[in-house]
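K.L.:
can't give you the sequence, but here's the structure:
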């Protein structure tokens, strides 16, 4: 049901990627532009990631995977994405029928896979096959969907982990995110190790 709801949300095309500015323009005009900014940003996060035990070689591998992601989704068109899809933002009725999504405070222009990857990031132990089945084939990568989902997750995981390390003294609850974030990033890289 959630996959079907996302598919309907993702039929809304937008004119750019990431945030919409107050003048109506979008932060990035193309997928390649938003990914180049993300790769640069995650490269700057290296000191924070190294505090989690990642080596320079591992960080270089992560950045290479982000570049591979940029190429894998080249030319992708942006659609409206929820941006913060997690179980607590999914409303259901007494019969567990999905009735809606709430909290669009992080909405953004992105590729359809963004919301699925974010939910898989938030709930990493759950299969995304049920979401894919509800979503349908249109708009999602064919064939190697799971691999591309993990490829997309690398940049998400790097960014959120670096943020948790950077702000942990000012925001103590972020300390609890560091160990699981590190483990999930390592698991994602291990999954991708034999996929090119």
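P.N.:
Received, thanks. Just so we're clear, the structure is a prediction, and the values are computed from it rather than from any experiment.
K.L.:
Which positions in stretch 98-117 come out as buried?
P.N.:
Using 16 or more other C-beta atoms under 10 Å as the test for burial, stretch 98-117 gives 101, 107, 108, 109, 110, 111, 112, 113, 114, 115, 116, 117. Where you see a C-beta, it was placed from the backbone N, CA and C, and this is true even at glycine.
K.L.:
From start to finish, how long is that stretch in a straight line?
P.N.:
19 Å (C-alpha to C-alpha, to the nearest Å).
K.L.:
try stretch 108-127
P.N.:
Between where stretch 108-127 begins and where it ends, there is a gap of 24 Å, by C-alpha to C-alpha.
K.L.:
Let me see the mean pLDDT of that stretch.
P.N.:
Averaging pLDDT along stretch 108-127 yields 89.
K.L.:
same deal with stretch 46-64?
P.N.:
pLDDT averaged over stretch 46-64 gives 97.
K.L.:
do stretch 164-171 as well
P.N.:
pLDDT averaged over stretch 164-171 gives 96.
K.L.:
can the buried residues of stretch 98-117 go into TSV with extra columns for secondary structure and distance to residue 51?
P.N.:
What follows is the buried residues of stretch 98-117, written out as TSV (DSSP: H, G, I helix; E, B strand; the rest coil; distance: C-beta to C-beta, whole Å):
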residue	secondary structure	distance to residue 51
101	strand	35
107	coil	31
108	strand	28
109	strand	32
110	strand	28
111	coil	30
112	coil	33
113	helix	29
114	helix	27
115	helix	29
116	helix	29
117	helix	24
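K.L.:
Pick out the most distant pair among those residues.
P.N.:
Using C-beta to C-beta, the buried residues of stretch 98-117 span at most 17.9 Å, a distance reached by 101 and 111.
K.L.:
List the buried residues in stretch 157-166.
P.N.:
Here stretch 157-166 shows 157, 158, 160, 161, 162, 163, 164, 165 as buried, counting by 16+ other C-beta under 10 Å.
K.L.:
In terms of distance to residue 151, which of those ranks first?
P.N.:
residue 157 (11.2 Å).
K.L.:
what about the closest one, helix or strand, and which?
P.N.:
helix 145-167 (DSSP states H and E).
K.L.:
what helices or strands is that helix leaning on?
P.N.:
When contacts are defined as 3 or more C-beta pairs under 8 Å, 6 or more residues apart in numbering; DSSP states H and E, helix 145-167 sits against helix 31-44, helix 46-50, helix 56-72, helix 113-122, helix 175-192.
K.L.:
how about these in JSON lines, adding distance to residue 128?
P.N.:
As requested, those are arranged in JSON lines below (distance: least, C-beta to C-beta, whole Å):
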{"stretch": "helix 31-44", "distance to residue 128": "21"}
{"stretch": "helix 46-50", "distance to residue 128": "25"}
{"stretch": "helix 56-72", "distance to residue 128": "16"}
{"stretch": "helix 113-122", "distance to residue 128": "5"}
{"stretch": "helix 175-192", "distance to residue 128": "13"}
